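K.L.:
Could you work out the structure for the sequence below:
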Amino acid sequence: MAAGHAWVLNLDADLELGARGPSYTPAARVVAQMGDWQRQLAALLLGPEDVLIHEGREAGAARGCIGRAFCMTRRARALLERAGASPEPSPPVEVLAQVNDRAFAFALGFNLPGAELLFDAEAVAAKLATPPPSGFLGWRMKRRFGMAGRGQRVVRGEVSEVDVRFLRASVEPSGSGLVVEPEADVEREYGLHGYVESSGSLRLGSVVVQHCDARGQWSSTARAALEELSRAEADQLIARAELVAAALVRAGYFGPFGIDAFRHRAAPGGTELHSLSEINARYSMGFAVGFGRPPPPRSP
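P.N.:
Numbers count the residues shown, from 1 in each chain. Reported below is the predicted structural model:
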C-alpha cells in the first residue's frame, strides 16, 4: 500500500471539460506544455508521502490511497482508479463543466465594458469591426474553455483572415460561442483562492500577484505586498470571491476555487482594478501560495 494520498495533476482539465463527447486525450503538444508546470505544482501541493499518478504509472501504484485531482474529470478519475486509489467525493462532471465555462463567470455580470458572449460568426465579426471602448487596445476573443492562454486571440485594428478562421472554428458548427471583451493594457495580475464546502462554508486565502507572459501563460505566483492594493480594493476582491463561492454552491460545486483579477491602465492616464476576470473552479498554479496546503481529502 502506498503512503500518503494519490494526486492527478491534470492541468488540461478545462480542455477536457470543453471537449465534445465523453472521450478526451491530450495532444502531444499539450502534454509537453504541462510537464514543467506539473513538477512545479507537485512541489507546492503534494505532501512528502503523496503519490503522483500519470499515464505511465503502473496499475495499483496507489492502492489504498484516497485520490485527489487538480480537477476531478472523467479522465482524472479513471487514472486514479487504475492506480488503485479511491477518488474523494467531488461534484459531477456536468457541474464541473458548467462552473468552469466562461459563460458562468460572464453571467455574474462583472465584465469589462462592451464585453459580450456571442454565438454567431457574423455577430463576432461585426463586434471586432467596431472600435473598443476608450482606454482599451482592441478586442480579445476567448473560447469558453481554455488553459494557459490557449483558445484566445487578440485583434487590434483590421480583422485578418486568421482572425476570421479562429472565430469561425470557435462558433461553427458547435455554436459554443465566444466571449469578446476589450483588450486591456494590463499592469498587474492578481488572484484570490479559497475552498468552499457544499454547505456554503468558505475559507479564503491571501491575495497573490500572478506573473504571466504576453500569451497568458503562468510563470510564478507570490503573496501580494500590503501596498499592492488599497483597503477598498482588497475588500472588493474578497466580496467578489464570496459572491463567486455562493454562485458555485448554488450550482452544486464544492472544493477549491480561485478568482483572477487585474489592474489595467485606463484613460486618461490612471489605472483601474478589474476585480473578476476569470473563475477557476478547481486547483490552480498559485493555490498553495495564496491558500496553503489543501484540506485533507474526504473519505469516499
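
K.L.:
show me where this structure has helices.
P.N.:
Using DSSP state H, the helices found in the chain span residues 13-18, 28-45, 74-82, 93-100, 102-107, 121-128, 161-171, 231-251, 287-290.

K.L.:
closest one to residue 260 among those?
P.N.:
Proximity to residue 260, assessed across the helices of the chain by Cβ to Cβ, is greatest for helix 102-107 (9.5 Å). Glycine gets a C-beta too; all of them are placed from N, C-alpha and C.

K.L.:
How far away from the center of its chain is that closest one?
P.N.:
Remark: helix 102-107 is offset 12 Å from the chain centroid, using Cα atoms, centre = their mean, to the nearest Å.

K.L.:
The helices of the chain: which one's closest to residue 223?
P.N.:
helix 287-290 (6.5 Å).

K.L.:
what comes into contact with that closest one?
P.N.:
Applying Cβ atoms under 8 Å, 6 or more residues apart in numbering, the contact partners of helix 287-290 are 41, 44-45, 191-193, 205-208, 221-223, 256, 258, 294.

K.L.:
same thing but at 7 Å, please
P.N.:
With Cβ atoms under 7 Å, 6 or more residues apart in numbering as the test, helix 287-290 has contacts from 44-45, 191-193, 205-206, 208, 221-223, 256, 258.

K.L.:
next one: stretch 228-246
P.N.:
For stretch 228-246, contacts defined as Cβ under 7 Å, 6+ apart pick out 110, 190, 192, 194, 196, 200, 202, 204, 207, 209, 257, 259, 261, 273, 275-276, 279.

K.L.:
The helices of the chain: lowest mean pLDDT?
P.N.:
Across the helices of the chain, helix 28-45 has the smallest mean pLDDT, namely a mean of 88.

K.L.:
Please produce a ChimeraX select command covering the buried subset of the contacts of helix 287-290.
P.N.:
Typed into ChimeraX, the line below selects the buried ones among those, using 16 or more other Cβ atoms under 10 Å:
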select :45,191,192,193,205,208,221,256,258
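
K.L.:
Now flag whichever of the contacts of helix 287-290 is closest to residue 182.
P.N.:
Top of the list for closeness to residue 182, among the contacts of helix 287-290 and by Cβ to Cβ, is residue 191 at 21.1 Å.

K.L.:
ok, what's across the strand from the closest one?
P.N.:
Using DSSP bridges, the bridge partners assigned to residue 191 are residue 208, residue 260.

K.L.:
That one is in contact with residue 208, isn't it?
P.N.:
Yes. If you go by Cβ atoms under 7 Å, residue 191 and residue 208 touch, sitting 4.8 Å apart.

K.L.:
what's the overlap in contacts for the two?
P.N.:
In terms of Cβ under 7 Å, 6+ apart, residue 191 and residue 208 are both contacted by the residues 286, 290.

K.L.:
coming back round to it: of all pairs in the contacts of helix 287-290, which one spans the longest distance?
P.N.:
By the measure Cβ to Cβ, 222 and 256 form the most distant pair in those, at 19.1 Å.

K.L.:
What distance do you get for residue 289 to residue 170?
P.N.:
Note on residue 289: its distance to residue 170, by Cβ to Cβ, to the nearest Å, is 32 Å.

K.L.:
swap in residue 24?
P.N.:
Counting by Cβ to Cβ, the gap from residue 24 to residue 170 is 18 Å.

K.L.:
how many neighbours does residue 55 have?
P.N.:
As a burial measure, residue 55 scores 11 neighbours (other Cβ atoms under 10 Å).

K.L.:
Including distance to residue 28, could the contacts of helix 287-290 go into JSON lines?
P.N.:
Output for those, formatted as JSON lines (distance: Cβ to Cβ, whole Å):
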{"residue": "44", "distance to residue 28": "26"}
{"residue": "45", "distance to residue 28": "25"}
{"residue": "191", "distance to residue 28": "29"}
{"residue": "192", "distance to residue 28": "34"}
{"residue": "193", "distance to residue 28": "31"}
{"residue": "205", "distance to residue 28": "34"}
{"residue": "206", "distance to residue 28": "37"}
{"residue": "208", "distance to residue 28": "31"}
{"residue": "221", "distance to residue 28": "27"}
{"residue": "222", "distance to residue 28": "32"}
{"residue": "223", "distance to residue 28": "35"}
{"residue": "256", "distance to residue 28": "28"}
{"residue": "258", "distance to residue 28": "28"}
